[in-house]
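Engineer: Return atomic coordinates for the entry below.
(2 chains)
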Amino acid sequence: MPLKVRILAALICTGLFGFRAYATTPSWSYENRKVTSGEFLIRTACMMPVEGKLSKVTMKGGEGMSKESENWTENLQNMVEAHLKTAGVQVLQASDPMASGASDDEIQQVILELDQKYGEITKTLNKKPKDIGESRYTIGDDAALLPCSAKADVLVFVEGEGQVTSGGKKAMGMIVGGSANTSYATLVLTMADAKTGEIIAFSRMSNAESFGDKFVDQTEEVYGKALNKQFERLRIGMYLDKKKH
Amino acid sequence: MRVRIPALVLLGFCPLLFPQQAPSIGAAALPGAGSVQVPGGPGPAFAFTKIDTDLLDEANAVDALYEKKGLVMHDPALQSFLDSVGNRVLANRPIPENVTFRFRALRDPMVNAFALPNGSIYVTTGLLALLENEAQLAGVLGHETSHVFERHTYLENRSVRRKALTINILEIAAAAAPVGGNLSEGVQLFGASVQLAAMIGSDIIVATIYGYSRDMERQADSDGIAAMTAASYDPAAMARSFELLDLDSSLEYEPVQGFYRDHPKLSERREFATQFASEHKSGALVTGDPKAYLDNVSPAICYEIETDLSSRRERTAVDRASKLSAAFPDNPKYKVLLADSYRALGAKTKAPTDEERTRHGQAEHRKEYFSMTPEEEQSKLREKPEGQAALRDNQAMAEQLYKSVIQSNPNYAAAHSGLGFLFEQEGKYNEAATEYQTYLQMESGTSMDHLRIQRRLAAVQKLAGSPGHT
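Structural biologist: Numbering: from 1, shown residues only, chains lettered A, B, ... in the order given. This is a model prediction of the structure:
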């Protein structure tokens, strides 16, 4: 394609990017049958600290988005917690010492250790997520070291990763013809048995369409429906009763 | 680990791990030990722009983020040690505008140290565990503080922004060119590597393709070694640090290491440090007692051992715990950590086997590492006679260590739970139950491990009572 045509196409597409689109594509979701069958009940969840990472790519290179990442992290945490509560699930925080008498530093160390184990297991988990059905993955019973584990059924790991691409960079992407220059945001939600550490649910929700950087503040519009669907699938809280009726 | 080092840090980061040319001795032109002059940076000549203040804000945000994520270690003894070495290296140099020097230990197994432009100097627990003495740490801090004094992060940031624009222009040029067209092969290859790296992130492109400015690294090496020497630390320690970086992590399939550890230029930097040291020999220079160093950084090493055990680096854990335990044989905590490490090693040998050291063996094991869970890996190792032998040896060693702690400190609860885990692993459920019960009697009902041990106790009691178990 001649360069002039590519530039024209890029300009048109840049204009189109101005329109927002929030269609969320639930990329995939895997869970253990004992959860979907209702054998393993999820009534109380312990939230691990949410991780939301955003980066911005412009014609001048990559830029940090630490403040936006922080806002996004908070929004993701609030959204997931709100949906869990709406589903009738009691939400606890991993950092809460509860009645254990453990110090903040001790709890922080356990959280980091569990994060580390989760990171390790995701190397294989990402390759064959369907093996969750065979109870293949676990972060070990160190999960029970968290004070919240005594009361919780599951530990909930939430990770968000997004890239915001500037208009100029998108235009250049159109000229180059690559797909690496589009904005994206992905939400990964994992649940582990709070006592044994077994991974029992793993889902990835991604918005592959261009939406500018508004998704930081509009997490509900972007992920809300997909999250409800996922919770329904897992039959957590009230969804279990709903199915029974 | 899920926490990643932000882009900003990649810009500001360091040095010890980046491939750079050896600093020129001639350029340093420093006098003998005791009268070494340490450059203090561009001083008031550096004028802040909007880009720089934005970067400064981001540096402060990174500090806050590390704190919030619990990545900064707050052990008073360790902090005091870092401050004392750091301040000694800083000496009385005037502090540049918008800089407050803070020396911090960062919970991160990657062997690394980096400086933020606001004066925050981070040394990872991975690096602290690797170094051998105070002088080596002084070399690291000298190098990092030099980056701050010389405003390298700001200068690199400005340069990177210009380079990124150039990359984008070249990307367009490469894409516009027909395949096999007029552009030189070099340019096309260059474009391909940029586009590949662009999928990861533009900042990393610059870091990986262009590298951190060689001149800046050269300067930081030169200033850093001068600063440590002026503070009466033996500069030969810096050469040894480079050696350690080169030797690090040969134990694991997936070594945790910094960027470009294998770059040949590391050897040139070592040569520079060696030559500098030979020119500045003096009886007044010290390296510090290795045992005292271990004692000072022991919280970081203990953290590293626990992290190693959580992330399938059992050999490294054994190595580190052996070092601590050998230096402080009467310390029950270190001995239990060593026992835990041997227990976790399971059917794996303490050092890589000859087969693992071959290129084919390494590739195979790495493949398995990424495709198997830890349990599956152990199960496969146990299928071979050498795996079974390793398991027996490691379990025997772990049992001996736990029992030795119990003998000298009968009330050391962690030794009982560890021994319980070991017996459970060996299928000795009655013995495991006894140890778990002892642990639960010693620990209060609110201890963090209470719930887990209670569950384990119930499980082994059930197994002990099952038909077929004697």
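Engineer: Output stretch B:409-423 as CSV, restricted to C-alpha atoms.
Structural biologist: The C-alpha trace of stretch B:409-423 is given here as CSV (Å, rounded to 0.1, in the frame of the first residue of the first chain):
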residue,chain,number,x,y,z
ASN,B,409,16.4,-25.6,72.1
PRO,B,410,13.5,-28.0,73.0
ASN,B,411,11.0,-25.1,73.0
TYR,B,412,11.9,-23.9,69.5
ALA,B,413,8.4,-24.4,68.0
ALA,B,414,9.4,-24.0,64.3
ALA,B,415,11.7,-27.0,64.5
HIS,B,416,8.8,-29.2,65.6
SER,B,417,6.5,-28.0,62.8
GLY,B,418,9.3,-28.5,60.3
LEU,B,419,10.0,-31.9,61.5
GLY,B,420,6.3,-32.7,61.3
PHE,B,421,6.3,-31.6,57.7
LEU,B,422,9.3,-33.8,57.0
PHE,B,423,7.7,-36.9,58.7
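Engineer: quick check, it touching chain A?
Structural biologist: No. Figure legend: stretch B:409-423 not in contact with chain A (CB under 8 Å from any CB of the partner chain); closest approach 10.1 Å. Quick note: C-beta positions are derived from backbone N, CA and C, even for glycine.
Engineer: same question for that stretch, mean pLDDT?
Structural biologist: For stretch B:409-423, the mean per-residue pLDDT is 96.
Engineer: And it, what's buried?
Structural biologist: By neighbour count, with 16 or more other CB atoms under 10 Å in any protein chain shown as the criterion, the buried positions of stretch B:409-423 are B:409, B:412-423.
Engineer: Other residues contacting that stretch?
Structural biologist: For stretch B:409-423, the external contacting residues (CB atoms under 8 Å, 6 or more residues apart in numbering or on different chains) are B:332-333, B:336, B:339-340, B:343, B:395, B:398-399, B:402-403, B:405-406, B:429, B:431-436, B:438-439, B:442-443, B:449, B:453, B:456, B:460.
Engineer: Next, the closest residue to B:Leu82 other than its chain neighbours: phi, psi?
Structural biologist: If the residues on either side of it in the chain are set aside, B:Leu82 comes closest to B:Phe103, at 4.1 Å by CB to CB, 6 or more residues apart in numbering or on different chains. The phi and psi values for B:Phe103, taken as degrees, to the nearest 10, are phi -100, psi 130.
Engineer: so where's the chain uncertain?
Structural biologist: Unless you meant another one, I'm taking chain A. A:1-27, A:60-64, A:66, A:169-170, A:174-182, A:208-214, A:240-245 (pLDDT under 70).
Engineer: sorry, should have said chain B
Structural biologist: B:1-44, B:160-213, B:246-250, B:253-264, B:445-446, B:467-470.
Engineer: Show me how the record splits it into domains.
Structural biologist: Annotated domains of chain B cover B:41-279, B:336-464 [automatic domain parsing].
Engineer: how about those, which one is nearest A:Pro147?
Structural biologist: Taking CB to CB, domain B:336-464 is the member of those nearest to A:Pro147, at 6.8 Å.
Engineer: any idea how far that closest one is from the chain center?
Structural biologist: 25 Å (CA atoms, centre = their mean, to the nearest Å).
Engineer: Ends of that domain, what's the gap?
Structural biologist: 26 Å (CA to CA, to the nearest Å).
Engineer: which residue packs closest to B:Arg382, ignoring adjacent ones?
Structural biologist: That would be B:Ala347: by CB to CB, 6+ apart, it lies 4.7 Å from B:Arg382.
Engineer: and what of A:Val158?
Structural biologist: The shortest distance from A:Val158 to any non-neighbouring residue, by CB to CB, 6+ apart, is to A:Val50 (4.5 Å).
Engineer: Also A:Lys195?
Structural biologist: A:Ala144 (5.3 Å).
Engineer: Neighbours of the one you found, how many?
Structural biologist: Counted by other CB atoms under 10 Å in any protein chain shown, the residues lying close to A:Ala144 total 26.
Engineer: And A:Ile132, how close does it get to A:Gly197?
Structural biologist: In this view, A:Ile132 and A:Gly197 are 13 Å apart by CB to CB, to the nearest Å.
Engineer: same deal with B:Ala396?
Structural biologist: The value you get for B:Ala396 to A:Gly197, if CB to CB is used, is 28 Å.
Engineer: tell me which strands and helices the helix or strand where B:Gln400 lies is in contact with?
Structural biologist: Per DSSP states H and E, B:Gln400 falls inside helix B:385-408. Contacts defined by 3 or more CB pairs under 8 Å, 6 or more residues apart in numbering or on different chains; DSSP states H and E place helix B:385-408 against helix B:332-345, helix B:374-382, helix B:413-426.
Engineer: relative to helix B:413-426, how tilted is the next helix or strand after the last one?
Structural biologist: What it means is helix B:413-426. The helix or strand immediately downstream of helix B:413-426 is helix B:429-442, counting by DSSP H and E. Using axes from the mean of the first three to the mean of the last three CA atoms, to 10 degrees, the direction of helix B:429-442 lies 160 degrees away from that of helix B:413-426.
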